[in-house]
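1. Mind looking at a prediction? Sequence and model below.
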Amino acid sequence: MDTVSFILNARIREVLADLGTWHKTRKRPLGEVQTFAKGGYGYEIRHLPVQTEDYASVLLRFSNGACGNLAVSQVAAGRKKLPPDRAVWFKEVAWWCSENPEMLHFGNRDAANEVAVRATPAFSEAAPFTDYPSGHVEGFPILSRCCTARSTAPLSMAAKTEPLFATAEDGHQEVAVCEAVMASSKPNAG
């Protein structure tokens, strides 16, 4: 949601959400589970009730009139980090998938569809945000460093530039959107 809002330069203004729990019970791992661990845990024999959602489907409307949808799942087997970010207009669509980060796809209603590969002229505006040549994936591990560099740059710049990092206002907007998603997903939500 943040990425598409940034690309569109438009805030999310309306949501319609369906959140739920597909797996009502799960086995509890024995011991602590580490996010990037290789696995190898044992599990308790008994199943315990699940108290959190494991899927979400959200329709979005942005302040500029653009619409989008978001599907999030903790139960889609075989997919690690799929939900692609998409920005949709009536005559064209752009999408990027984090599982294949070297390509940006463009769908066109009145022309042939296109695929732009990183480090080509189509990516010239993104060049300041990349550090490695095409074929050497930049992604989640680089994000922290990139964000830190971009957020501290205005402190040393003589010229005022628009920040390329989240502000307190952006954080407030994020909380408001999350609250709206939760409220919309409740039965009898108006």
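-> That came through fine.
2. What are the buried residues along stretch 20-31?
-> Within stretch 20-31, the residues scored as buried using 16 or more other Cβ atoms under 10 Å are T21. (C-beta placed from N, C-alpha, C; glycine too.)
3. Would you agree F6 falls within a strand?
-> No - assignment of F6 by DSSP: H, G, I helix; E, B strand; the rest coil gives helix, placing it outside any strand.
4. Read off the pLDDT value for it.
-> Here, the pLDDT recorded for F6 equals 79.
5. what's next to stretch 42-58, contact-wise?
-> Outside of stretch 42-58, the residues within contact range by Cβ atoms under 8 Å, 6 or more residues apart in numbering are 15-31, 69-75, 181, 184-185.
6. what ranges do the helices span in the chain?
-> When assigned using DSSP state H, the helices of the chain occupy the ranges 2-8, 140-156, 168-185.
7. which residues in the protein form strands?
-> 12-20, 25-29, 43-49, 55-62, 67-73, 85-88, 92-96, 103-108, 114-117 (DSSP state E).
8. Least reliable of those strands by average pLDDT, please.
-> Lowest mean pLDDT within those: strand 85-88, at a mean of 52.
9. between the helices of the chain, which gets the lowest average pLDDT?
-> Averaged per stretch, pLDDT over the helices of the chain is lowest on helix 140-156, reaching a mean of 58.
10. Quick check: bridge partners of A94?
-> According to DSSP bridges, A87, F106 are recorded as the beta-bridge partners of A94.
11. Return the distance of it relative to A166.
-> Using Cβ to Cβ, to the nearest Å, we find A94 at a distance of 22 Å from A166.
12. What of I7?
-> With distances defined as Cβ to Cβ, the gap from I7 to A166 amounts to 14 Å.
13. can you check G107 too?
-> Where A166 is concerned, G107 sits at a distance of 29 Å (Cβ to Cβ).
14. Give the buried residues for stretch 178-190.
-> Of the residues in stretch 178-190, those scored as buried under the neighbour-count criterion (16+ other Cβ under 10 Å) are A180, V181, S184, S185.
15. Tell me the one of the residues you listed nearest G65?
-> Sorting the buried residues of stretch 178-190 by distance to G65 puts A180 at the head of the list, at 17.8 Å, by Cβ to Cβ.
16. burial count for the nearest residue to N9 once chain neighbours are set aside?
-> Distance criterion Cβ to Cβ, 6 or more residues apart in numbering; nearest residue to N9, sequence neighbours excluded, is N64 at 7.7 Å. Burial of N64, expressed as a neighbour count using other Cβ atoms under 10 Å, amounts to 11.
17. what's N64 in contact with, if anything?
-> Shown here is N64, whose contacts under the criterion Cβ under 8 Å, 6+ apart are L8, N9, A10.
18. and the first one, how many neighbours does it have?
-> Close neighbours of L8, defined as other Cβ under 10 Å, add up to 18.
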